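# sequence first, predicted model second:
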Amino acid sequence: MSTHAAGDDPFLGRPLIAGLAVVALLLTAANLRGGIVVVGPLVEQIRSSLAISASAFSLLTTLPLLCFGVISLCVPALSRRWSPQVLAIAGLLVIGLGVLLRLVNDYAVVLLGTLLLGAAIALLNVLIPGLVKAFFPRKVGLMTGLYSVTLSVGAGMGVYLAVPLLERFGHWHYPVALWAVLPLLCTLFWLPMLRVEGVGRPANPVRVSLWRDKLAWAITCYMGLQSFYFYSMATWMPKMLLESGLDAHDAGTATALINLVSIPFNFLVPIMAARLASQRRLVLGIFLASFTGLIGLWWQPAMAPLLWASLVGVGCGGALSLALSLFVLRAANTAQATALSAMAQSIGYLLAASGPVVLGMMRDVEGAWQGALLLMMALQCLQLGCGWYAARPAKVVPDQQK
């Protein structure tokens, strides 16, 4: 629920600039995953072109997650020096540069481009919740929902368009290059935002630290556990289903439902969250969907794979969009929202990078997936507890106010 007065709306009575702000935010969201996930369907072509091993190729998808974890912590300091609009433009330009470097047929240069890409996306990941609160203080639920949906759609486009563009133009450079051009176009919509008053760098910027706040830690743990859950399941569910007896087509179809089913929940959960003083009913519903899906995969994965995958998708999409909503709803101002987003996403994506590794190691040791799935169920219970605490109607309190 918003506590902002109408006068806090920087676009009051200015529908054109408000519309441009919506487009700028949503186009930015669409650019935050495509440049990373596009390499997945092109693995064989890229490995052949760069003459690299499978483990070397895996760095092209894991390095950005590590960048998310490390660079997120630097964003509040950057936002005290430059306005969020300037940082957003800089982030988009660096995304374009990073993707362009990934087109060079030299593995070291490709890794450099991957690091730049991950750093720029981390910057924008943290900035956007604060920008939503600053630009649309009375519509945080709607805008967070639209942002979450566009994030998922952008990731889907990156995967969906990769092979058709490869087949159309005959080289993997073309589908990758698309994600160097789109960020540059997006910057055009950000240029008018530089003139928006009341959203720039504060005149007397104060460092906001939330590391001693229990509510901030609850939100951080909720974000981290949902990230661990999503990346673990997205990585290993196809293998789980294949080993249960499904063929590759059915396993792939079921796994695709994780992202597809999550889209409506990406949109609806933030809207509902913004209308509720306490979001505990949402936390409980998300938990029940995830836990039921995990029980199904543990018990009889081949009996109803589409149902189990759909329930996992509900849990993944709902938990992510709720976490993004809490960054805004539990903060009193833009600086706090940015600090909370940085804290939660730094730890969240470091956990996310470890998830597939942990589950893979458990599978290798046990020779089956039951132990790994039991771990996921236990972590879902822990996520429920963190979400239950984070969903109570309260605001984070910076360390200097304690």
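Okay, I see it.
# now do the strands in the stretch 251-400 of the chain.
Remark: strands of the stretch 251-400 of the chain are absent; assignment by DSSP state E, counting those that start in this stretch.
# remind me, longest helix of this protein?
For the chain, the longest helix by residue count, based on DSSP state H, is helix 334-366.
# show me what it is packed up against.
If you count contacts as 3 or more CB pairs under 8 Å, 6 or more residues apart in numbering; DSSP states H and E, helix 334-366 packs onto helix 54-71, helix 75-81, helix 107-135, helix 214-243, helix 305-329, helix 370-390. The C-beta positions use only the backbone N, C-alpha and C, and glycine is treated the same way.
# quick one: average confidence on it?
Across helix 334-366, the average pLDDT comes to 90.
# so it versus helix 54-71, what angle?
When axes from the mean of the first three to the mean of the last three CA atoms, to 10 degrees is applied, the directions of helix 334-366 and helix 54-71 differ by 150 degrees.
# what's the angle from helix 334-366 to helix 214-243?
The directions of helix 334-366 and helix 214-243 differ by 40 degrees, with the same axes, to 10 degrees as the criterion.
# next, the buried residues of helix 334-366.
Within helix 334-366, the residues that qualify as buried by neighbour count (16 or more other CB atoms under 10 Å) are 334-356, 359, 362-363.
# count of neighbours near residue 369?
A count of nearby residues for residue 369, using other CB atoms under 10 Å, gives 22.
# ok, and the closest non-adjacent residue to it?
residue 240 (5.1 Å; CB to CB, 6 or more residues apart in numbering).
# can you pull the contacts of the closest residue to residue 373 other than its chain neighbours?
Beyond its immediate neighbours in the sequence, the residue positioned closest to residue 373 (CB to CB, 6+ apart) is residue 298, lying 4.2 Å away. In this structure, residue 298 makes contact with 369-370, 373-374, 377, judged by CB atoms under 8 Å, 6 or more residues apart in numbering.
# what do you get for residue 265?
The contact partners of residue 265, by CB under 8 Å, 6+ apart, come to 313-314, 317-318, 321.
# most surrounded residue in the residues you listed?
Of all these, the highest neighbour tally under other CB under 10 Å goes to residue 321, namely 31 neighbours.
# C-terminal to the helix or strand harbouring residue 152, what's the next element?
Secondary-structure element containing residue 152, defined by DSSP states H and E: helix 140-160. Remark: after helix 140-160, the chain's next helix or strand is helix 162-169, criterion DSSP H and E.
# just checking, what packs against that next one?
For helix 162-169, the packing partners by 3+ CB pairs under 8 Å, 6+ apart are helix 173-190.
# residues contacting residue 237?
251, 254-255, 258, 297, 309, 312.
# dump stretch 345-352 to CSV, keeping only the CA atoms.
Once side chains and other backbone atoms are set aside, the C-alpha atoms of stretch 345-352 remain, and they are given as CSV (Å, rounded to 0.1, in the frame of the first residue of the first chain):
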residue,chain,number,x,y,z
GLN,A,345,19.8,-9.3,-4.8
SER,A,346,23.5,-9.5,-3.8
ILE,A,347,22.9,-12.5,-1.5
GLY,A,348,20.1,-13.8,-3.6
TYR,A,349,22.1,-14.3,-6.8
LEU,A,350,25.1,-15.6,-5.0
LEU,A,351,22.8,-18.3,-3.6
ALA,A,352,21.3,-18.8,-7.1
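# centre of the chain to that stretch, how far?
A distance of 10 Å separates the centroid of the chain from that of stretch 345-352, by CA atoms, centre = their mean, to the nearest Å.
# what residues does that stretch touch?
With CB under 8 Å, 6+ apart as the test, stretch 345-352 has contacts from 65-66, 68-70, 72-73, 122, 125-126, 220-221, 223-228, 230-231, 323.
# and those residues, which are buried?
Neighbour counting by 16+ other CB under 10 Å classes 65-66, 68-69, 72, 122, 125-126, 220-221, 223-228, 230-231, 323 among the contacts of stretch 345-352 as buried.
# related to what we said a few turns ago, now the residue nearest to residue 369: how far from residue 258?
Counting by CB to CB, to the nearest Å, the gap from residue 240 to residue 258 is 12 Å.
# quick one: which of those two has more around it?
The residue with the greater number of neighbours, taking residue 240 and residue 258 and applying other CB under 10 Å, is residue 240; the counts read 25 against 22.
# quick check, the more buried one in contact with residue 305.
No. In this structure, residue 240 sits apart from residue 305 without contact. The criterion is CB atoms under 8 Å, and the distance is 9.2 Å.
# what is the least confident helix or strand in the chain?
helix 54-71 (a mean of 85; mean pLDDT, DSSP states H and E).
# tell me which residues touch residue 393, please.
Listed by CB under 8 Å, 6+ apart, the contact set of residue 393 reads 277-278.
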